[in-house]
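1. Below are the sequence and a predicted model; questions follow.
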Amino acid sequence: MLQLNGGCHWWEGGSLVKDVIVPFFLGFYHAFKRTFTIKHPFVRLRWTDRYRGRVVLNIDRCVSCRSCVNICPNKTLEMVVYKKRLLPQYDAGRCCFCNLCVEVCPTMALSMSPEVEWDEYTRKGMIRPPDRFSEPIKPVAEKTVTVKILDKRRGVAHR
Ligand code: SF4
Ligand code: SF4
């Protein structure tokens, strides 16, 4: 007797459709879906509004409560003395972009930015003391595209 999903029989419509037919057609659809390439960094893909890039600190709002340091699962944040104030330092190489620090901050001093281009040559360079942690994000390049636009253009998105 054919059983699907630990006990659901094949004639049970809901499970058959949800567990077999829908995934099959989704796989089929994606096999023929058009892919695209963009000439990054000359053309940049615009991230979605909820994209999680590097975390940014607003120094003026920080009240040195340490909540972000305590909740961070990766020990990405550490309190350091900066201009006679205790402020968080950010080790970008350790961040898993979970957003927990942003959620726990009582003064909304932290935010997830859409910035993704912040690579460094050294491991040490990834560590951002409060002054670099609070650097504003780079302006988004003028020539940005969205997946929707690329899709409309049909074909590879090189110009
Ligand atoms: S996003 Fe997550 S991993 Fe990154 S600094 Fe915040 S709490 Fe830590
Ligand atoms: S949780 Fe917010 S206010 Fe508290 S130390 Fe972190 S950034 Fe500053």
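-> Yes, it's here. Numbers count the residues shown, from 1 in each chain. Ligands and ions are numbered 1, 2, ... in the order given.
2. Flag every residue of the chain that's near ligand 2.
-> 57, 62-68, 88, 105, 107, 109-110 (CB under 6 Å from any ligand atom). In short, each C-beta sits where N, CA and C put it, glycine included.
3. Using the record's assignment, carve this protein into domains.
-> According to automatic domain parsing, the chain comprises the domains 1-33, 44-133.
4. Which one of the ones you listed lies nearest to residue 146?
-> Nearest of the domains of the chain to residue 146, taken as CB to CB: domain 44-133 at 5.0 Å.
5. what helix or strand is residue 26 on?
-> Secondary structure from DSSP states H and E places residue 26 in helix 22-31.
6. before we move on, the earlier item: by mean pLDDT, show me the worst of the domains of the chain.
-> The weakest mean pLDDT among these belongs to domain 1-33, with a mean of 70.
7. ranking the domains of the chain by burial, who's on top?
-> domain 44-133 (a mean of 16; mean count of other CB atoms under 10 Å).
8. Pull the distance from it to the chain's centre.
-> Relative to its chain's centre, domain 44-133 lies at 13 Å (CA atoms, centre = their mean, to the nearest Å).
9. try stretch 36-44
-> On the basis of CA atoms, centre = their mean, stretch 36-44 sits 19 Å off its chain's mean C-alpha point.
10. got the buried residues for that stretch?
-> 38, 43-44 (16 or more other CB atoms under 10 Å).
11. how near is the nearest residue to residue 75 once chain neighbours are set aside to residue 149?
-> Closest residue to residue 75 apart from its sequence neighbours, by CB to CB, 6 or more residues apart in numbering: residue 94 at 6.5 Å. Distance of residue 94 to residue 149, given as CB to CB, to the nearest Å: 35 Å.
12. With residue 126 instead?
-> 33 Å.
13. Equivalent analysis for residue 139, please.
-> From residue 139 to residue 149 the distance is 20 Å (CB to CB).
14. and if you look at residue 48?
-> 14 Å.
15. do residue 119 as well
-> With distances taken as CB to CB, residue 119 is found 26 Å from residue 149.
16. just residue 28 next, same as before
-> 26 Å.
17. For the most centrally placed residue in the chain, which residues are in contact?
-> Geometric centre of the chain, nearest residue: residue 52, 2.9 Å, by CA atoms, centre = their mean. Counting by CB atoms under 8 Å, 6 or more residues apart in numbering, residue 52 touches 97, 99, 112.
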